[in-house]
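Visitor: need a structure here:
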Amino acid sequence: VGWLVKIIVYFTRLTKMTSAKECQFVSLISYDGHEFIISRQCAMYSGTIKSMLEGPGRFLEGERNEIALREIEAKILERVCVYLYFKKRYDNAKNKIPDFKIDPEIVLALLMAANFLDV
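Guide: Sure, this is the predicted structure:
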């Protein structure tokens with residue numbers, strides 16, 4: 001766990017040292033306070049996040065590379081993050097794309113989060 005904390009501290013410092021558009025990572029914060037640091041490239045697969053980071057309006061999130069998702073709990077946001085990486089990996093795949101496994105207990109909450117995030 002110690003190495004994970006060091007990585008998070010490093011990326012947090014990195015996001016504060018570079019301009020928002022130069023930063024390679026984005027911080028997504030769930031309503032229960034968990035922070036997920038994902039690549040900016042993966043985050044852009046969400047229409048909502050992309051609009052917040054690069055849209056024509058001036059969102060504070062775009063300047064800080066930090067987005068608080070007050071309606072999404074950590075276990076759902078974690079699956080969303082995993083899906084964004086999954087989508088990036090298989091975006092231009094020519095072979096059969098494997099199924100994305102979803103726990104039946106979280107299907108409805110995940111569907112609502114995906115709808116909100118435009119994924």
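
Visitor: starting at the chain centroid, how far to the strand or helix carrying residue 110?
Guide: Residue 110 belongs to helix 107-117 when elements are defined using DSSP states H and E. Distance, stretch centre to chain centre, for helix 107-117: 14 Å (Cα atoms, centre = their mean, to the nearest Å).

Visitor: just checking, what packs against it?
Guide: Other elements packing on helix 107-117 under the criterion 3 or more Cβ pairs under 8 Å, 6 or more residues apart in numbering; DSSP states H and E are helix 47-54, helix 74-89. For the C-beta atoms, the positions are set from N, CA and C on the backbone; glycine is no exception.

Visitor: buried stuff in it?
Guide: Along helix 107-117, these residues count as buried under the neighbour rule (16 or more other Cβ atoms under 10 Å): 110, 113, 117.

Visitor: what does stretch 40-56 give?
Guide: Along stretch 40-56, these residues count as buried under the neighbour rule (16+ other Cβ under 10 Å): 40, 42, 43, 45, 46, 48, 49, 52, 53.

Visitor: pick the one among those residues closest to residue 71.
Guide: Minimum separation from residue 71 among the buried residues of stretch 40-56 (Cβ to Cβ) is found for residue 48, which lies at 11.3 Å.

Visitor: surely that closest one and residue 117 touch.
Guide: Yes - taking contact to mean Cβ atoms under 8 Å, the distance of 4.7 Å between residue 48 and residue 117 places them in contact.

Visitor: can you pull out the low-pLDDT segments for the protein?
Guide: Along the chain, segments meeting pLDDT under 70 span 1-22, 57-62.

Visitor: and with 50 instead?
Guide: Judged against pLDDT under 50, the low-scoring parts of the chain cover residues 1.

Visitor: thinking again about what came up before, can you put the helices and strands packed on helix 107-117 in CSV and add distance to residue 99?
Guide: Formatted as CSV, the helices and strands packed on helix 107-117 follow (distance: least, Cβ to Cβ, whole Å):
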stretch, distance to residue 99
helix 47-54, 23
helix 74-89, 10
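
Visitor: looking at those, which is closest to residue 33?
Guide: Across those, residue 33 has its closest neighbour in helix 74-89 (7.9 Å, Cβ to Cβ).
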